[in-house]
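> predicted structure and sequence below. I'll ask about it afterward.
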Amino acid sequence: MPDEEIPQRIGFVSDRVYEPSLMLRWWRAFWGSAPKAGVRFSGHALGSHSGFPRFTGPVRTTLITAPTVDVARLQADFSRQMNEAVEKAVAASDVRHEQRTSELLTAASRRFDAQREADLKKGCADLGLDGKVGAARFSRG
């Protein structure tokens, strides 16, 4: 295949259609570069801030006094609330511990009773006694 030159674009009279619009050209000219934008922003800031004090009236200040605080009353109130919270937490903890202790004692009592019954049955069987009669003879109550 012989080398061919790449075709170049041919310009037409109607190429103005592809040019940016008037608004876009103005926008690019106005904000096109960072230095131009910086100069415009600084000019705007300088103009608005330098003329600002001339158009305002005198500044009126009012003195606002801080409200008085009764520190002793606040400390007493805080101490009361803290004591109530601590007492409530301790009471809840005591109730939980009492419940847990009761559950543990009940479980231990059941284990000991089951072990005692097993020991009685084994002892009665070793002595040759009837399990029911021996168990009734040695049981509590």
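Happy to help now that I have it. Numbering: from 1, shown residues only.

> how far does the lengthiest helix in the chain sit from the chain's center?
Ranked by residue count, the top helix of the chain under DSSP state H comes out as helix 71-127. Computed by Cα atoms, centre = their mean, to the nearest Å, the chain-centroid distance of helix 71-127 equals 35 Å.

> state the mean pLDDT of that helix.
The average pLDDT for helix 71-127 rounds to 93.

> and it, what does it pack onto?
Under the contact criterion of 3 or more Cβ pairs under 8 Å, 6 or more residues apart in numbering; DSSP states H and E, the helices and strands touching helix 71-127 comprise helix 131-138. C-beta coordinates here come from the backbone N, C-alpha and C atoms, glycine included.

> now the helix it packs on: mean pLDDT?
Helix 131-138 shows a mean pLDDT of 56.

> repeat for stretch 3-11
Within the predicted structure, the mean pLDDT of stretch 3-11 is 71.

> and for Cys124, the neighbour number?
Using other Cβ atoms under 10 Å, Cys124 is surrounded by 19 other residues.

> break this structure down into its domains, please.
Following automatic domain parsing, one finds the domains of the chain at 15-49, 78-138.

> now those as a markdown table including distance to Ala72?
Putting the domains of the chain into a markdown table (distance: least, Cβ to Cβ, whole Å) gives the following:
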| stretch | distance to Ala72 |
| --- | --- |
| domain 15-49 | 50 |
| domain 78-138 | 11 |
